[in-house]
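*Asks:* Okay, here's the prediction I keep looking at, along with the sequence it came from:
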Amino acid sequence: MPRYSEDDYNPFAAPVSDLAPETFRDPLLDAPGKLVYAGFLDRLVAAFLDMMITQGACGIFTIMALIVIGVADSKDDTSILFAVWFFFLICPLVFLWLYNALQESSEARATVGKRLMRLRVVDLSGERLSFAQASGRFFAKFPSALLLIGYLIQPFTERKQALHDILASTVVIHR
């Protein structure tokens with residue numbers, strides 16, 4: 001049922017939702033708080049910090065893989081070479097997925113970059129994400145990245161959601 005009277009009805013107004021209350025209860029602080037959505041620049045800086053961390057870790061994996069490839073190539077062992085190339089291509093994706101999904105579904109509700117920017121990812125009712133929801137949010141970043149449109153809509157949405165947030169029913173808030 002709508003939360004407005006017949007006199008207040010506006011067919012052009014945005015739909016009313018029970019999913020995103022204006023306030024939520026923060027179990028870490030055990031106190032009600034105001035839901036303050038994270039802005040574009042805060043999220044951009046957090047993403048840059050996370051990129052620096054993950055690229056550093058992937059760089060170490062790359063160096064190790066290249067060393068093993070060099071050793072395998074000198075011995076003409078194609079089975080090891082194939083396994084290392086597979087590892088070299090799949091490992092960064094798995095690492096990035098686990099980095100994001102495990103941290104965003106943890107008690108901290110944020111990756112290291114988001115924690116440094118004092119942000120956290122929650123569902124539309126302010127609750128902690130499940131691992132499956134955090135995984136869905138990560139994989140929804142691929143369509144978001146397509147021509148950057150999914151990220152560029154973020155400042156213009158009501159809850160400051162990028163496309164992957166909308167698809168995963170999440171918001172990024174200040175803590």
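*Replies:* Nice, thanks for sending it over.

*Asks:* how about the strands in the protein?
*Replies:* Assigned by DSSP state E, the chain shows strands spanning 23-26, 31-34, 119-123, 170-174.

*Asks:* Mean pLDDT lowest where, among those?
*Replies:* Per-segment mean pLDDT for the strands of the chain reaches its minimum on strand 23-26, at a mean of 52.

*Asks:* Now the helix ranked longest in the chain: average pLDDT?
*Replies:* With DSSP state H applied, the helix covering the greatest number of residues in the chain is identified as helix 40-74. Mean pLDDT, helix 40-74: 85.

*Asks:* From the contact counts, what lies against it?
*Replies:* Other helices and strands packing on helix 40-74, by 3 or more C-beta pairs under 8 Å, 6 or more residues apart in numbering; DSSP states H and E, are helix 78-104, helix 112-116, strand 119-123. From N, CA and C alone the C-beta is placed, and that goes for glycine too.

*Asks:* repeat that with 10 Å
*Replies:* Under the contact definition 3 or more C-beta pairs under 10 Å, 6 or more residues apart in numbering; DSSP states H and E, helix 40-74 sits against helix 78-104, helix 112-116, strand 119-123, helix 149-152, strand 170-174.

*Asks:* residues of stretch 51-68 that come out buried?
*Replies:* By neighbour count on 16 or more other C-beta atoms under 10 Å, the buried set for stretch 51-68 is 54, 58, 65, 68.

*Asks:* who's in contact with it?
*Replies:* Residues from elsewhere that reach stretch 51-68, judged by C-beta atoms under 10 Å, 6 or more residues apart in numbering: 80-81, 83-85, 87-89, 91-93, 95-96, 99-100, 111-113, 116.

*Asks:* make it 6 Å
*Replies:* The contact list for stretch 51-68 (C-beta atoms under 6 Å, 6 or more residues apart in numbering) reads 84, 88, 91, 92, 96, 99, 112.

*Asks:* ok, of these, which come out buried?
*Replies:* For those, a neighbour count by 16+ other C-beta under 10 Å gives the buried set as 84, 88, 92, 96, 99, 112.

*Asks:* can you tell me which of the helices and strands packed on helix 40-74 comes nearest to residue 46?
*Replies:* Residue 46 lies closest, by C-beta to C-beta, to one member of these: helix 112-116, at 4.1 Å.

*Asks:* Buried residues in the closest one, which are they?
*Replies:* 112, 113, 114, 115.

*Asks:* of all the contacts of stretch 51-68, which comes closest to residue 39?
*Replies:* Using C-beta to C-beta, residue 112 comes nearest to residue 39 of these, at 19.3 Å.

*Asks:* what's the pLDDT at that closest one?
*Replies:* For residue 112, the predicted pLDDT is 96.

*Asks:* before we move on, what about the one 4 residues further on?
*Replies:* According to the model's per-residue confidence, residue 116 sits at a pLDDT of 96.
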